[in-house]
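Trainee: My questions are about this predicted structure, shown below with the sequence.
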Amino acid sequence: MAKMWLVAGVILLVGLMVAAVTMALVTTLGGPNLLAADSPEGVVQRYLLALQKEDYREAHSYLSSDLQTRCSLDDFVGRHYWPYAEEGQVTLEKTQRYDGSAVVRATVTVFHGDAPFGASEYSYDRTFQLKLEGDQWRLTGPDWWCPPF
Amino acid sequence: MWIFYSLLNLLVPLAVIGGIVAAVTAWRRRETFEASTEADQGVGTVKRLYFYASTFAYMLVAGIGVVLTARYVLDEMFGPPVLRRETGQLALGVALTVIWTPIWAWHRLTVQRFLEEEPAERRSILRKLYVYLTLGVTAALVAHASVELLRWLFGARPFSGYAVAALVVWSTAWVFHWSAESEEGQPSEETWIVRRLYLYVTSAYSLAMLAVGASFAIYFVLRGVYEGLYPAPLLLQGEEGIWGNGMKNALSVALVGAALWAYHWLYAARLDKRSDLRQLYLYILAILGGVITTLSATGVVVFGILQWLIGTPEEASAAAHFRFLPGALSPLVIGLSLWFYHWQTVQRERSPLGQLRAARQTYAYIMAALGLGALAASVIVLVSTAMGIAVTSARDVLVGTDWWRDRIVLVLTLLLLGVPVWTYYWFSMQRMVAAGHAEERASSPRRILLFGVVGVGTLAFLGNISYLLFVFLNALLESTLSLTLLVDAKWSMGAVVAAVLFVPYYWLTLHEDRKAAKESAARPSARRKSVTVLIPEGSGPFLAGLETALRAKPRVLCRLDPDVGMPELSADDFRSVERRIGEAPGDRVLLVADATGVRVYSYR
């Protein structure tokens, strides 16, 4: 009797695992949904996606006019400024708007794998500052980095 | 030039290891009953030390040379295109291979010739240390290379000739030495100990690889499920789906760990049921590791649930708050699996006479200590929180009225974990003592726990009382006496209360144990003597009965005389043997058992 319960338990566990893996595979395919293009978080998202695709011209276009002057397109090319794109994800935490400016807070989660004990995952926060130029949000900082983040 | 410094650096630890081994061998020669046996004659310790240490070192260097050479060739043939490949490694690899491989081969043939000249060389501990150190190092290198290879196969990294080269070279070395050792066998208890050390150390770290890898793999799956059910606002995702580099790395580590552990634990060590090392592995590493992982993960889950129910969560929505669950549930699953599987193994292997081993005692007292630690921490936090609630000036926070909620959640979490753990383990050992297992009172793990609690508790009590008195007197003398002193002082008060609650109880328990020990010392006991027994092979039942009567493992010498026979003793007969051992003069006793009965001899 005990053996039957054990077998049933193992079958149930295996079934649950298969279901979980299937669900995880299905739901995580396709990448993140695009946020509204006219929102501060949407601009940050498109900026990050452009960097990931190495479309530096598009990424440069999301900077404010002041920042574009200080940070040229050439500054984007050849910089190793995205070491973790392949290894983690950026999650939106909060967006705060004040009159004509906004602050977007995000959490970057990075996974590192090293043999043989393989693994660590850590997170850190990043803050993006934006301002309204006309009717479009544009990145203004952190202005001590070029390009930002 | 750096390689020569590296070789020099390799020689230093080898020399240290060799020195330790020589010292241990010399010490055992003074102590062992086999001081005059053939195993210690003929080849000589210094000669052995040189040949075995050299053979090990030369094998490593030659292996490194072959790996470097093969790596270069493989990278050239299959590796990603490079602008310019460094040829220094190829030159170094060829040089090491050409010079050190023949030297290793000659040394290896020489050490094998030792066996032909002196068959008793099979019993040499130095030889076994050489063999199993070689096996241990090559197994670890194979594990590392296998993980790298799997990472490439899964697409987590580009092709690397090192992984293939290292895997082939070190696995060949491992198979070669394992086959040779299988033919030689382990003719003595000491050689068995060396083999067991290798088996259980390798099982331990491979189990750790399996646990870590599986934990991360489950974490990625659970995170995928959770984000599917409650999607987080993602700005960017590094890779699509759960089949990212993280999962690939995790599976690589888990699969290699599983293979290594399965071979060493499930196959190679499957018949070794009676060794202390096995008990140590089971109780102290596997079960204790599983329990601690389970309790820690449970604590995180319980805290998160209670914080949502009665605490002050930072997140507004339940979905955001419980996003920690995948990270807590994955180690919980692994911890429970480790605990369940190894506990079942222990139950299956435990002697039908319920023999208690030192490893089990150590495990139980460590768990009792952890439970007690959780209880003490809960008392400290509870007292300080209560003072903060009762006295406004004693609070740490400047604004907010709900600051105490998370503290109470922490207290409840610690109590929910600490109470069952401490009561179960501590009182189960107390029941063993009450049932008449007098040697339990004198066991080292129990004494360490009792003295540790009394010592640490007393220090904590005196230290914190001193601090409170200092704070009070200082404020009094400076005319700054006010309730704001409680901001820091409340933690010391909590520690004092915890010490007052637990230390007297453990001090009284210690007192009872010492009283019982004095009464027991007045009676002669076999259990305080060093017992050696000379028996023929196949005397398992006799040995089991003797161990039950003595509640300890005697040292066993295997008698080679033919047709010796064994006596058939009842439980009363074994108790009689125990009494005769207790009454024999001196601290060392030799039992000689054959068909005529059991004779007891004292020796020095």
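Mentor: Arrived safely.
Trainee: okay, CA-based contacts and neighbour counts for the rest of this
Mentor: Will do.
Trainee: Neighbouring strands of the top strand by length along chain A in the sheet, and parallel or not?
Mentor: Among the elements of type strand in chain A, defined by DSSP state E, the one spanning the most residues is strand A:118-133. Strand partners for strand A:118-133, identified by DSSP bridges, are recorded as strand A:101-114 (antiparallel), strand A:136-141 (antiparallel).
Trainee: all helices of the stretch 251-400 of chain B, in order?
Mentor: If DSSP state H, counting those that start in this stretch is used as the criterion, the helices of the stretch 251-400 of chain B fall at B:276-279, B:288-310, B:318-321, B:325-349, B:358-390.
Trainee: Enumerate the positions of the fourth one that are buried.
Mentor: This means helix B:325-349. Of the residues in helix B:325-349, B:325-339, B:342-343, B:346 count as buried by neighbour count, 16 or more other Cα atoms under 10 Å in any protein chain shown.
Trainee: Domains in chain B, by residue range?
Mentor: B:1-185, B:367-523, B:526-603 (automatic domain parsing).
Trainee: next one: the second one to chain centre, how far?
Mentor: In this case it means domain B:367-523. 28 Å (Cα atoms, centre = their mean, to the nearest Å).
Trainee: repeat for the longest one
Mentor: Taking Cα atoms, centre = their mean, one finds domain B:1-185 lying 25 Å from the centre of the chain it belongs to.
Trainee: That one - what's its average pLDDT?
Mentor: Taken as a whole, domain B:1-185 has an average pLDDT of 80.
Trainee: With stretch B:230-247 instead?
Mentor: Model confidence over stretch B:230-247 averages 78 on the pLDDT scale.
Trainee: Just the CA atoms of it, as PDB, please.
Mentor: As requested, C-alpha coordinates have been extracted for stretch B:230-247 and formatted as PDB (Å, rounded to 0.1, in the frame of the first residue of the first chain):
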ATOM      1  CA  TYR B 230       1.200  37.400 -12.300                       C
ATOM      2  CA  PRO B 231       3.300  39.200 -14.900                       C
ATOM      3  CA  ALA B 232       5.700  41.800 -13.700                       C
ATOM      4  CA  PRO B 233       6.100  45.000 -15.600                       C
ATOM      5  CA  LEU B 234       9.200  44.100 -17.600                       C
ATOM      6  CA  LEU B 235      11.200  46.800 -19.300                       C
ATOM      7  CA  LEU B 236      13.700  44.300 -20.800                       C
ATOM      8  CA  GLN B 237      14.300  40.600 -20.800                       C
ATOM      9  CA  GLY B 238      17.800  39.300 -21.400                       C
ATOM     10  CA  GLU B 239      16.700  36.100 -23.000                       C
ATOM     11  CA  GLU B 240      13.400  34.700 -24.200                       C
ATOM     12  CA  GLY B 241      11.700  32.100 -22.100                       C
ATOM     13  CA  ILE B 242      13.100  30.000 -19.300                       C
ATOM     14  CA  TRP B 243      15.600  28.300 -21.500                       C
ATOM     15  CA  GLY B 244      18.200  31.100 -20.900                       C
ATOM     16  CA  ASN B 245      21.800  30.800 -19.900                       C
ATOM     17  CA  GLY B 246      20.800  30.600 -16.300                       C
ATOM     18  CA  MET B 247      18.700  27.500 -16.800                       C
END
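Trainee: Counting neighbours, which bits of that stretch end up buried?
Mentor: Neighbour-count burial for stretch B:230-247 flags B:231-239, B:241-247 (criterion: 16+ other Cα under 10 Å).
Trainee: Can you list which of these are found in strands?
Mentor: Of the positions in the buried residues of stretch B:230-247, B:Leu234, B:Leu235, B:Leu236, B:Gln237 sit in strands, assigned by DSSP E.
Trainee: Which residue is most remote from the mean position of chain B?
Mentor: For chain B, the C-alpha lying farthest from the average C-alpha position belongs to B:Ser479; by Cα atoms, centre = their mean, that distance is 55.2 Å.
Trainee: mind listing what that one touches?
Mentor: For B:Ser479, no residue meets the contact criterion (Cα atoms under 8 Å, 6 or more residues apart in numbering or on different chains).
Trainee: if you set the cut-off to 10 Å instead, what comes out?
Mentor: Contact criterion Cα atoms under 10 Å, 6 or more residues apart in numbering or on different chains gives B:Leu473 as the residues in contact with B:Ser479.
Trainee: Doesn't it belong to a helix?
Mentor: No - when DSSP: H, G, I helix; E, B strand; the rest coil is applied, B:Ser479 is found to be coil, with no helix at that position.
Trainee: Okay, the closest residue to chain A within the stretch 251-400 of chain B and B:Val212: tell me how far apart.
Mentor: Of all residues in the stretch 251-400 of chain B, B:Val253 sits closest to chain A, with a separation of 6.0 Å (Cα to the nearest Cα). For B:Val253, the distance to B:Val212 under the criterion Cα to Cα, to the nearest Å works out to 8 Å.
Trainee: likewise A:Thr127?
Mentor: Taking Cα to Cα as the measure, A:Thr127 falls 32 Å from B:Val212.
Trainee: More neighbours: which of those two?
Mentor: Summary of the neighbour comparison: A:Thr127 and B:Val212, criterion other Cα atoms under 10 Å in any protein chain shown, with B:Val212 having more neighbours (24 against 16).
Trainee: Which helix or which strand is home to the more buried one?
Mentor: helix B:189-229 (DSSP states H and E).
Trainee: OK, contacts around the residue in the stretch 401-550 of chain B that chain A sits nearest to?
Mentor: With Cα to the nearest Cα, the shortest gap between the stretch 401-550 of chain B and chain A falls at B:Asp406, namely 22.2 Å. Listed by Cα under 10 Å, 6+ apart, the contact set of B:Asp406 reads B:Phe303, B:Leu306, B:Gln307, B:Trp308, B:Ile310, B:Gly311, B:Thr312, B:Pro313, B:Thr385, B:Leu412.
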